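Student: model this:
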Amino acid sequence: MSTKDQRRKLAAQKKHKKNQEIRVANYPRPKYSKGSLVQVNDDVMDYDWDDLPLGGWVGKITEIHREKDGPKYNVDWSDETVEKCHPVYEKLAKLECWIFGKYTKLAEEDIHAFAGGEVILVEPGDISHYTDRPLNPDDRIDRLRMIFGIKPLEWFSMLGNDKESNAQLLKRYYDHFLEHLVLPFEATYVQRERGRIVSKQAFVVKALINPDIIKAEDRGDDVDELYCSGLDATGNLLEVPLKKIVCETMPHKQLLDDYRSWLGDLTFLFDAFWNRE
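Tutor: Numbering: from 1, shown residues only. Now for the predicted structure:
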């Protein structure tokens with residue numbers, strides 16, 4: 001980029017910033033300031049779970065967003081609020097990887113200045129559909145919960161740095177595959193480099209390899225995944241990572257996709273997107 005083009009780009013950025021500042025200056029002014037204690041009105045529900053009330057919750061404003069339809073406030077909930085709220089709120093926050101104790105974008109019409117005194121929260125009604133519902137076999141996360149014996153609102157363990165824990169988890173998944181995979185089955189062995197497919201070949205999965213055997217052979221980092229054995233297109237017997245096996249027929253597709261999802265490998269979702277008709 002030439003010096004002239006750089007100056008033009010910088011001038012355009014400054015103009016855009018100035019125009020944005022002018023627009024924000026014309027937006028409704030906030031009624032509350034940073035550091036103010038506010039309380040949520042009794043009729044307000046959580047905007048992610050509209051059957052869970054936020055009425056009575058008290059928080060300190062940490063950030064203010066001036067927007068066209070009115071100010072929005074980020075708050076840190078008070079210690080008393082966090083102590084008194086139902087445990088389901090914290091569990092849902094953890095599932096969504098949110099920081100429990102904080103809330104973003106509260107509308108000005110949903111809050112009022114906290115007058116002090118005891119914090120009294122609006123209690124949630126029937127929440128059995130969060131805590132006591134049956135696991136749904138049509139939901140991938142619930143299917144993974146079933147494998148590891150986890151209830152709703154709980155998160156299943158994934159592979160980490162603890163080798164012993166990893167071995168137990170893999171053995172549990174291996175037992176699950178033994179129960180549900182129908183062997184042998186025809187599939188495709190897909191190899192990737194930096195996320196890109198570099199080769200595909202027909203593959204017949206003949207057997208799963210017990211992870212205890214892989215562990216005993218000390219294959220280094222590769223011990224922390226499941227392997228299968230089978231025949232490639234030329235009849236060679238190979239042992240390959242199960243996560244590299246792709247099958248488009250049910251129930252194998254669902255079982256293998258769930259396994260890759262558990263590993264944190266979501267390439268199958270991107271493949272499905274790009275290969276859609």
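Student: From here on, just use CA atoms for contacts and neighbour counts.
Tutor: OK.
Student: check which helix or strand covers residue 261.
Tutor: helix 252-263 (DSSP states H and E).
Student: Which strands and helices lie in contact with that helix?
Tutor: Packing partners of helix 252-263 (3 or more C-alpha pairs under 8 Å, 6 or more residues apart in numbering; DSSP states H and E): helix 140-148, strand 245-246.
Student: Tell me which of the ones you listed sits most buried.
Tutor: Highest mean neighbour count among these (mean count of other C-alpha atoms under 10 Å): strand 245-246, with a mean of 22.
Student: contacts for the helix holding residue 261?
Tutor: 140, 144, 158-159, 177, 181-182, 242-243, 245-247, 266, 268 (C-alpha atoms under 8 Å, 6 or more residues apart in numbering).
Student: Out of those residues, who's the most crowded?
Tutor: Compared across the contacts of helix 252-263, residue 245 has the highest neighbour count, 25 neighbours, by other C-alpha atoms under 10 Å.
Student: where are the low-confidence patches of this protein?
Tutor: 1-25, 216-223, 266-277 (pLDDT under 70).
Student: need the strands for it, in chain order.
Tutor: For the chain, strands defined by DSSP state E occupy the ranges 37-40, 58-65, 72-77, 102-107, 111-113, 185-193, 196-209, 227-232, 237-241, 245-246.
Student: Give the buried residues for the helix holding residue 261.
Tutor: Using 16 or more other C-alpha atoms under 10 Å as the test for burial, helix 252-263 gives 252, 253, 255, 256, 257, 258, 259, 260, 261, 262.
Student: In the chain, which residue is most central in space?
Tutor: What sits nearest the mean C-alpha location of the chain, by C-alpha atoms, centre = their mean, is residue 96, with 6.0 Å.
Student: Tell me the spacing between that residue and residue 81.
Tutor: To residue 81, residue 96 is 20 Å away according to C-alpha to C-alpha, to the nearest Å.
Student: Same check on residue 56?
Tutor: Between residue 56 and residue 81 the distance is 8 Å, computed by C-alpha to C-alpha.
Student: so what's in contact with the two at the same time?
Tutor: In contact with both residue 56 and residue 81: 119, 121, using C-alpha under 8 Å, 6+ apart.
Student: Looking at those two, which has the bigger crowd around it?
Tutor: Neighbour count, other C-alpha under 10 Å: between residue 56 and residue 81, residue 56 has more, with 22 against 19.
Student: ok, now which ones touch residue 230?
Tutor: Contacts for residue 230 were tallied using C-alpha under 8 Å, 6+ apart; they are 203, 204, 205, 206, 207, 237, 238, 239.
Student: Residue 136 against residue 143, yeah?
Tutor: Yes. Between residue 136 and residue 143 there is a contact under C-alpha atoms under 8 Å: 7.1 Å.
Student: tell me the domain ranges of the chain?
Tutor: Per automatic domain parsing, the domain ranges recorded for the chain read 37-113, 163-274.
Student: what separates the last one from the chain centre, distance-wise?
Tutor: When you say that, I think you mean domain 163-274. Centroid separation for domain 163-274 versus its chain: 23 Å, with C-alpha atoms, centre = their mean, to the nearest Å.
Student: hmm, back to that, what's the most distant pair in the buried residues of helix 252-263?
Tutor: Pairwise distances across those (C-alpha to C-alpha) peak at 15.3 Å, for the pair 252 and 262.
Student: Check the gap between residue 45 and residue 39 for me.
Tutor: Per C-alpha to C-alpha, residue 45 is found 13 Å from residue 39.
Student: Now the common contact residues for the two.
Tutor: residue 55.
Student: Settle it for me: which of these two has more neighbours?
Tutor: residue 39 (22 against 18).
Student: gap between the closest residue to that one other than its chain neighbours and residue 48?
Tutor: Leaving aside its chain neighbours, residue 39 sits nearest to residue 58 (4.4 Å; criterion: C-alpha to C-alpha, 6 or more residues apart in numbering). As judged by C-alpha to C-alpha, residue 58 and residue 48 stand 18 Å apart.
Student: Fine by me, we can end here.
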